[in-house]
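**Student:** quick one: sequence plus predicted model below, questions after.
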Amino acid sequence: TYSLAAIDSQKFLEYSLITEVKKSYINLLVKKSHLQILKEQEALYEELYKRMEEDVKQEKLPETEAIQAKIVLNRAIMYSNIARSEVISAQNYFNSVMNTSNINYDTKEDILPDDYAVLMTINPTDESINFNDIKNYALAHRYDLLAAKKEVQAAKNKLEAVKSQRIPDIELTGGYAYQTKGMSGDGHYQSGGYVGASLVNIPLLYNYSPEIQNAQIEIEKAELKYKDIEIDAIRNLTDAWEKFVIARNNLNFYNSELLNNSEELMSASRKSLQNSEIDLTTFLVSKKLYLELILGYQDTLGEYYTSFAELLKEINADSINQIKIENI
C-alpha cells in the first residue's frame with residue numbers, strides 16, 4: 001500500500017529515468033553521426049590519395065603531395081576507428097540505462113535527425129513558450145511539490161483531529177416504553193417514546209495542549225519542507241531553462257549562418273583544388289575547419305535535444321504542448 005505522496009514521488013523518479021533514457025539515446029545518435037561524418041571524410045581522403053598517386057605517376061605533382069595525402073588518409077582511418085569504439089560504448093551505456101540483459105536495443109535512426117518532431121522536440125525557432133509559462137506550469141504539476149503539498153494538508157488534518165479531542169462527545173439515546181395497568185399509577189395502560197442525551201469524554205483535567213503544539217510544529221515543518229522543495233525546483237528549472245535557451249541560440253546560429261557559409265567555402269575550396277588554384281595543404285586546412293564545424297554542429301544539435309529533455313523533466317511534462325494547451 002502506497003500513500004498518495006509516495007505515488008507522486010514515484011512519478012517524479014519515473015520522469016528522471018525517462019530523461020536518462022532520452023539522453024543516452026541522443027548521445028548514441030550523436031556518436032553515430034560522428035562516425036558517419038568521419039567515414040565520409042575517410043572515403044574522401046582515400047579518393048584524394050588515389051588521385052594524388054595518379055598525378056605523381058604522371059609527374060603532374062611532386063611525390064610529397066601523395067605522401068601527405070596518405071598521412072591524412074591514415075589519420076582519418078584512425079579517427080573513424082575511435083568513433084566506432086565510441087558508438088559501441090554509447091550503445092552499451094544506452095542498454096545499461098534500459099536495464100536489460102537479454103535484449104540489445106539500438107536507435108531507430110542511423111544519424112541524429114534535424115527534423116525535430118522525430119525526437120518530439122520543439123523547433124528551435126519556436127519561441128511561443130516563455131519562462132513564466134514554464135515556471136507556473138511546473139509549480140502546479142511537479143510531483144515532488146504535489147507530494148509536499150499533500151504532507152502539509154495531512155499535517156493540518158492531524159491538527160484538526162487533535163483539536164476535536166477537546167470537544168466532548170454527545171451520546172444520544174432513544175426508544176419506546178410502556179406500563180401495564182397494574183404498574184401505572186392511574187390504572188390505565190401507558191406507553192410512549194423517549195429521547196435522552198449525555199456528554200462523554202469530557203476533557204476536564206486534560207486539554208490536549210502538548211498534542212496540539214506538536215501538530216502545529218508538524219505543520220510548520222511540512223510547510224518549510226514544501227518551501228525548500230519549491231526553491232530547489234525553481235532553481236533547477238531556471239538552470240534547465242538557461243541551458244535550453246543557450247543551446248537553442250547556438251543551434252539557430254549554426255542553421256542561419258555557419259552551415260551555409262562553411263558549405264559554400266568547402267565547395268569553393270574543392271573546386272579550386274581540382275583546378276590547381278590551391279595546393280593540397282591549403283585545401284586540407286579548409287577541410288579540417290569544415291570537419292570541426294560539422295562535428296560541432298552535431299554536438300550542438302545533441303545538446304539542444306538533451307537540454308529540451310532536461311527541461312521537460314524539470315517541468316514534469318511529457319510534451320511542451322501540455323503547457324501551450326493550459327495557457328490557451
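**Tutor:** Looks like it arrived, so ask away. Numbers count the residues shown, from 1 in each chain.
**Student:** so which residues of the stretch 51-200 of the chain form strands?
**Tutor:** Ranges of strands within the stretch 51-200 of the chain are 169-179, 190-200, based on DSSP state E, counting those that start in this stretch.
**Student:** of those, which shows the lowest average pLDDT?
**Tutor:** Confidence, taken as mean pLDDT, is least for strand 190-200 of those (a mean of 59).
**Student:** test my guess that residue 52 contacts residue 60.
**Tutor:** No: the criterion here is C-beta atoms under 8 Å, and residue 52 misses it with residue 60 at 9.4 Å. All C-beta spots, glycine's among them, are computed from the backbone N, C-alpha and C.
**Student:** and the two? which has more neighbours close in?
**Tutor:** Just comparing residue 52 and residue 60: by other C-beta atoms under 10 Å the higher neighbour count belongs to residue 52, 24 against 11.
**Student:** does the helix ranked longest in the chain pack against any helices or strands, and if so which?
**Tutor:** Identified as the longest helix of the chain according to DSSP state H is helix 4-57. Here helix 4-57 touches helix 63-98, helix 143-164, helix 280-315, going by 3 or more C-beta pairs under 8 Å, 6 or more residues apart in numbering; DSSP states H and E.
**Student:** packed most tightly, which of these would that be?
**Tutor:** helix 280-315 (a mean of 19; mean count of other C-beta atoms under 10 Å).
**Student:** ok now that helix, how far from the chain's centre?
**Tutor:** 21 Å (C-alpha atoms, centre = their mean, to the nearest Å).
**Student:** got the angle between the helix or strand hosting residue 214 and helix 143-164?
**Tutor:** Here residue 214 sits within helix 209-253, counting by DSSP states H and E. Angle of helix 209-253 versus helix 143-164, following axes from the mean of the first three to the mean of the last three C-alpha atoms, to 10 degrees, is 170 degrees.
**Student:** what mean pLDDT does helix 209-253 get?
**Tutor:** 92.
**Student:** try stretch 316-328
**Tutor:** pLDDT averaged over stretch 316-328 gives 70.
**Student:** now do stretch 91-109
**Tutor:** Mean predicted confidence for stretch 91-109 is 84.
**Student:** give me the residues contacting that stretch.
**Tutor:** 20-21, 24-25, 27-29, 32, 118 (C-beta atoms under 8 Å, 6 or more residues apart in numbering).
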